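J.: Next input, structure requested:
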Amino acid sequence: PEIDVPGHVNAALVAYPELTCDGVAPEPFTRIGTATGFSSLCTERESTYRFTRDVLAELAGLTPGPYLHIGTDETHATSADGCREYVRWAVDVVRQHGKQAMGWHEILRATPPEGTVPQFWRKLDDDPMVAEAAARGLRILLSPANKVYLDMKYTPDSPIGFKWAGYLDVQDVYDWDPATYLDGVPESALLGIEAPLWSEHLRHRRDIDYMAFPRVPAVAELGWSPGETHDWDDFRRRLAAHGPRWTAQGIEFFPSTQIPWPTG
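T.: Okay, here's the model as predicted:
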């Protein structure tokens, strides 16, 4: 589970104005778009730390898994010093609950301890901060937006989705090598890959089906099988066989023209 702090918190600030520095609730944010970094918990107020401690304790109690994801990305509205101190504190609270802290790769600005998992999301294939973290023993989770963000449109004609990271048809999601993608981050430093499906554009179950399938199987094969077995032509043939099965199950997948779906 992820709770994004100290930014991406406009909804929390609306509900709990004591988390703002002036005690005034902001307006609810209701637009669909890519506006980010405009909200922040007030890292100078004790109420912020009480709130965060309560939220992390509740999340820790809800999940049997080893990780708690605390976000930490796009903290443009938080002072650099305040953000670093707050993130270090939050990572420690997570550890007190017996969990490992995860965060988007911006968590590395706080120089978190061993066991923290940075999740890389940018479109670049070079990040010295992430490479340095890998060199000192941190395991990296890969989620490059231009490869595995499932809220991206397949093509310019896709009816829903964003395009800021590019158009991602099935081959774009499949035909890359996580083991060599990020300069200075060897395969041994990778915890795995994850494909986020952000939901601003999703209103129905069919929207989830459409954005996830057939891209999710491509991500799964990259993450769960050796790199030497990855072969696009073989994969697209095997993927095609799932079309009738998904149809029978009521999964409303995107019929990508890159896949030789059975006819008739």
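J.: residues in contact with the one residue sitting closest to the centre of the chain?
T.: With distances taken as Cα atoms, centre = their mean, residue 196 lies nearest the centre of the chain, 4.7 Å away. For residue 196, the contacting residues are 121, 143, 148, 149, 150, 151, by Cβ atoms under 8 Å, 6 or more residues apart in numbering. Heads up, the C-betas are built off the backbone N, CA and C, glycines and all.
J.: Please report how far the last one lies from residue 196.
T.: From residue 151 across to residue 196, the span is 7 Å (Cβ to Cβ, to the nearest Å).
J.: cool, and the second one?
T.: If you measure residue 143 against residue 196 using Cβ to Cβ, the figure is 6 Å.
J.: Also the fourth one?
T.: Taken as Cβ to Cβ, the spacing of residue 149 relative to residue 196 amounts to 6 Å.
J.: who touches both of those two?
T.: Common contact partners of residue 149 and residue 196 (Cβ under 8 Å, 6+ apart): 121, 143.
J.: rewinding a little: mind listing the shared neighbours of residue 143 and residue 196?
T.: By the contact definition Cβ under 8 Å, 6+ apart, residue 143 and residue 196 are jointly contacted by 121, 149.
J.: could you pull out the helices for the stretch 1-150 of the chain?
T.: Taking DSSP state H, counting those that start in this stretch as the test, the helices found in the stretch 1-150 of the chain are 10-15, 46-62, 80-96, 128-135, 145-148.
J.: Deepest in the core, which of the ones you listed is it.
T.: When you average the neighbours per residue for each of those (mean count of other Cβ atoms under 10 Å), helix 145-148 leads with a mean of 22.
J.: Remind me what it packs against, helices and strands.
T.: For helix 145-148, the elements it packs on are helix 170-174, judged by 3 or more Cβ pairs under 8 Å, 6 or more residues apart in numbering; DSSP states H and E.
J.: What helices and strands are in contact with the helix or strand following the helix it packs on?
T.: Of the helices and strands lying after helix 170-174 in sequence (DSSP states H and E), the nearest is helix 178-181. Helix 178-181 sits against strand 190-193, with contacts defined as 3+ Cβ pairs under 8 Å, 6+ apart.
J.: in the helix or strand containing residue 208, what's buried?
T.: Applying DSSP H and E as the criterion places residue 208 in helix 205-212. Of the residues in helix 205-212, 207, 208, 209, 210, 211, 212 count as buried by neighbour count, 16 or more other Cβ atoms under 10 Å.
J.: returning to what we had before: helix, strand or coil: sort out the residue nearest to the centre of the chain for me.
T.: Secondary structure, DSSP: H, G, I helix; E, B strand; the rest coil: residue 196 is coil.
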